[in-house]
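> show me how the following folds:
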Amino acid sequence: FSYSVKKGDYLWKIIKRSGSLKNMGYREFIEAFKVLNPQIENPSLIYPNQTLFIPINISKIKQQMGKGAEQERDQYRLYRVKRGDSIYKILRDQCGIDNREIYRYFAEIKRLNPQIVDLNRIRIGQLIKIPVSGIYKRLREKKINRKLLKKLTDIFSGTDIEIISDGECFISTGKGQNIRIKARRYPMLISGKKRILLDLSGDFPKNLKEFIESRWENYSVVNMPSKDISDALIVIFRAMGYEKIYRKSHTIALSDGIEALFKADLIICPRYERKINYIIMTKGTPLKVPAYLREYLKGEGIEILPLQRGGSGKSQVFELREENISIERDIKRYLKLIFNLAGVKYQEERDVDFHVSHSDMQFEIRTSFLIEIDGKQIVIVRDRIPSPIMELIDKKDFHILSFKEMEGDYFHIDSLFESLGIRYSKGRHIFWLKDGKEKYDLGFIVKGISFRGRKGRWNLITSLRIPMEIVSVINKAGYRLIQIN
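Predicted structure coming up:
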């Protein structure tokens with residue numbers, strides 16, 4: 001068992017307290033003690049806070065020594081610390097390890113010498129175990145997940161995120177000291193000011209990782225033992241500061257109140273608006289998004305990965321079916337367009353007489369539109385009729401609307417639709433990107449009111465400002481767009 005030396009302790013006192021001599025003689029104890037504690041040159045000289053390994057059962061120790069002696073000899077040799085020594089210098093001078101690889105063996109020194117609490121504090125005359133060449137070979141031969149690295153490189157190819165997997169990466173510690181890391185073993189991912197070392201073999205020294213991350217805020221070391229590309233990407237993007245990571249589907253708000261709905265393996269969203277959103281397909285084929293839409297989404301801070309290869313470089317020619325109408329200036333044009341699309345017959349600028357409850361009175365008004373449906377007249381006037389007169393009018397065969405009631409929110413048109421018997425839908429509408437019969441995993445959500453016209457064609461009324469790229473998607477979905485403001 002391990003024992004930490006206390007003030008006033010000496011070896012005989014520890015032996016009596018442990019009861020070790022019940023299972024072995026004194027000479028056997030000393031022999032076993034020296035084997036377990038090679039750093040102790042003189043068992044009579046021990047110091048407070050030293051960690052000692054006390055033998056209890058000599059038969060088990062001999063058995064373990066017999067089985068593991070040859071293996072132990074292959075793993076380490078003993079070395080006595082001299083003036084001016086450090087672990088770094090010992091590994092370099094005594095073991096002949098290249099300066100660029102020394103940091104990889106700190107963990108092995110710690111494993112062989114558990115009694116050393118701090119590798120930066122070793123004493124002159126201290127006996128320590130140092131690894132031999134056989135263990136170096138085994139460490140160097142530890143496999144790296146090259147397939148995973150290839151997938152990561154393919155996904156980020158052509159983007160602002162770069163993976164360096166050849167040559168050397170330098171991390172300057174100042175005062176002429178540099179950490180040189182072989183990029184082939186520990187590739188470095190660069191994104192803006194962020195630097196991420198990819199530990200694909202799981203053997204990057206823990207102490208060095210803690211040192212790098214505590215010294216430089218823009219550096220991280222990530223361990224990726226999993227072979228799954230999605231898990232690896234999640235680890236990388238979390239190291240880059242991304243917290244919102246979704247699988248399968250998610251909506252991202254665009255400018256002007258439009259939303260984009262993506263179905264992908266990973267949707268990576270930033271905490272802050274200035275960062276880029278990443279849409280990643282890891283398992284299937286890349287999203288087949290036309291170049292003009294990719295450019296639009298990139299302008300909205302959305303990158304779709306991996307990038308599509310090839311494709312024509314021809315510019316997109318838009319044939320758009322849309323109307324832009326100002327409600328305040330062109331409400332008559334707006335209503336005439338609705339009537340024509342819906343196949344509603346109307347009369348313009350007609351004088352209509354309204355009967356009132358007093359037989360000796362009549363109210364005459366100039367209508368903007370007069371529509372007759374199923375024996376009932378729908379009257380649309382420019383100005384609201386005063387309420388005292390409205391109370392006197394016999395509204396049995398009339399439905400009266402005014403332009404004022406239709407100003408502002410375009411959804412007020414629903415009262416007209418209900419009067420005309422036009423079926424409509426209002427709220428959020430989703431338009432999937434299509435190429436012929438094929439539907440892609442990308443859609444755009446637009447708020448508005450839709451109705452079916454006389455020729456069976458759908459129409460969408462919206463007060464949002466729709467860019468021409470999205471207008472094209474709406475048109476390909478079979479809708480005519482009416483933008484009002």
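> so the spatially closest residue to I87 that is not a sequence neighbour, which of the three states?
In space, and not counting its chain neighbours, I87 is closest to L119: 4.9 Å by CB to CB, 6 or more residues apart in numbering. For every residue, glycine as well, the C-beta is placed using N, CA and C. The local conformation at L119, judged by DSSP: H, G, I helix; E, B strand; the rest coil, is coil.
> now L119: how far from I128?
Relative to I128, L119 is positioned 10 Å away (CB to CB, to the nearest Å).
> how close does the most centrally placed residue in the chain sit to E243?
Geometric centre of the chain, nearest residue: I268, 2.8 Å, by CA atoms, centre = their mean. Computed as CB to CB, the I268 to E243 distance reads 10 Å.
> please apply the same query to A264.
According to CB to CB, A264 stands 18 Å off from E243.
> more neighbours, these two?
Set side by side, A264 and E243 show more neighbours around A264, with 24 against 10, by other CB atoms under 10 Å.
> how is this structure divided into domains?
What automatic domain parsing lists as the domains of the chain is 2-139, 146-229, 347-416.
> any idea how far apart the tips of the last one sit?
What it means is domain 347-416. In domain 347-416, first residue to last residue: 16 Å (CA to CA, to the nearest Å).
> mean confidence score for that domain?
For domain 347-416, mean pLDDT is 74.
> tell me the buried residues in the longest strand along the chain?
For the chain, the strand with the greatest residue count under DSSP state E is strand 438-452. Within strand 438-452, the residues that count as buried by 16 or more other CB atoms under 10 Å are Y440, D441, L442, G443, F444, I445, V446, K447, G448, I449, S450, F451.
> could you do stretch 152-167 as well?
Quick answer for stretch 152-167 (16+ other CB under 10 Å): L152, I155, F156, I161, I163, S165.
> show me what contacts the first one?
Taking CB atoms under 8 Å, 6 or more residues apart in numbering as the definition of contact, the neighbours of L152 are I163, L189, L198, I229, A232, L233, I236.
> okay, now the last one: neighbour count?
By that I understand I236. Neighbours around I236, by other CB under 10 Å: 22.
> that one contacts I196, correct?
Yes: here I236 reaches I196: they are 6.4 Å apart, a contact under CB atoms under 8 Å.
> show me the shaky parts of the stretch 51-200 of the chain.
57-75, 100, 132-143, 174-176 (pLDDT under 70).
> same thing but at 80, please
The model of the stretch 51-200 of the chain has pLDDT under 80 over residues 53-77, 95-104, 107-108, 111, 131-144, 172-178.
> now do the helices in it.
58-75, 87-93, 106-112, 133-140, 146-156 (DSSP state H, counting those that start in this stretch).
> sorry, back to before: just the contacts of L152 now: which is nearest I461?
Comparing the contacts of L152 against I461 with CB to CB picks out L233 as the nearest, at 41.1 Å.
> so that closest one sits in a helix?
Yes: according to three-state DSSP, L233 belongs to a helix.
> without its sequence neighbours, what residue ends up closest to it?
Using CB to CB, 6+ apart, the closest residue to L233 is L266 (6.0 Å).
> same check on P187?
P187 sits nearest to S165 (CB to CB, 6+ apart), 4.1 Å away.
> list the contacts of that neighbour.
By CB under 8 Å, 6+ apart, the contact list for S165 reads L149, T153, A183, R184, P187.
> list the contacts for the second one?
The contact partners of T153, taken as CB under 8 Å, 6+ apart, are I163, S165.
> please repeat the previous calculation with a cut-off of 7 Å.
I163 (CB atoms under 7 Å, 6 or more residues apart in numbering).
> also K34?
Counting by CB under 7 Å, 6+ apart, K34 has no contacts.
> so it: helix, strand or coil?
Following three-state DSSP, the label given to K34 is helix.
> still on that earlier bit, thinking the residue nearest to L233 is in contact with D231, fair?
No: using CB atoms under 7 Å, L266 is not in contact with D231, being 10.2 Å away.
> sorry, back to before: what touches both of I236 and I196?
Listed as contacting both I236 and I196 by CB under 7 Å, 6+ apart are L189, V222.
> returning to what we had before: please name the strands paired to whichever strand or helix holds the residue nearest to L233 in the sheet, noting orientation.
Assigned by DSSP states H and E, L266 belongs to strand 259-269. Here strand 259-269 has these sheet partners by DSSP bridges: strand 244-253 (antiparallel), strand 277-280 (antiparallel), strand 438-452 (antiparallel).
> mean pLDDT lowest where, among these?
strand 438-452 (a mean of 88).
> which other helices and strands contact the helix or strand following that one?
Under the assignment DSSP H and E, the closest C-terminal helix or strand after strand 438-452 is strand 458-462. Judged by 3 or more CB pairs under 7 Å, 6 or more residues apart in numbering; DSSP states H and E, the packing partners of strand 458-462 are strand 438-452, strand 479-484.
> now the angle from the first one to strand 479-484?
Taking axes from the mean of the first three to the mean of the last three CA atoms, to 10 degrees, one finds that strand 438-452 is oriented at 50 degrees with respect to strand 479-484.
> run through who's touching strand 438-452.
Outside strand 438-452, the residues touching it (CB under 7 Å, 6+ apart) are 251, 257-264, 287-289, 342, 410-411, 413-414, 417, 422-434, 458-462, 464, 466, 470, 473.
> what number of residues lie near K194?
15.
> which residues does it contact?
N218, M240.
> before we move on, back to that, ok, which pair from the buried residues of strand 438-452 is furthest apart?
D441 and F451 (28.2 Å).
> how many neighbours does L460 have?
22.
> how about R238?
A count of nearby residues for R238, using other CB under 10 Å, gives 14.
> spatially nearest residue to it (excluding sequence neighbours)?
Among residues not flanking R238 along the chain, I245 sits closest, at 7.5 Å (CB to CB, 6+ apart).
> swap in A264?
Take A264 and drop its neighbours on the chain: the residue closest to it by CB to CB, 6+ apart is I279, 4.9 Å away.
> please verify my assumption that the one you found contacts I302.
Yes: contact criterion CB under 7 Å: I279 and I302 qualify, at 6.4 Å.
> looking at the two, which one has more neighbours?
The neighbour comparison of I279 against I302 (other CB under 10 Å) goes to I279, with 25 against 19.
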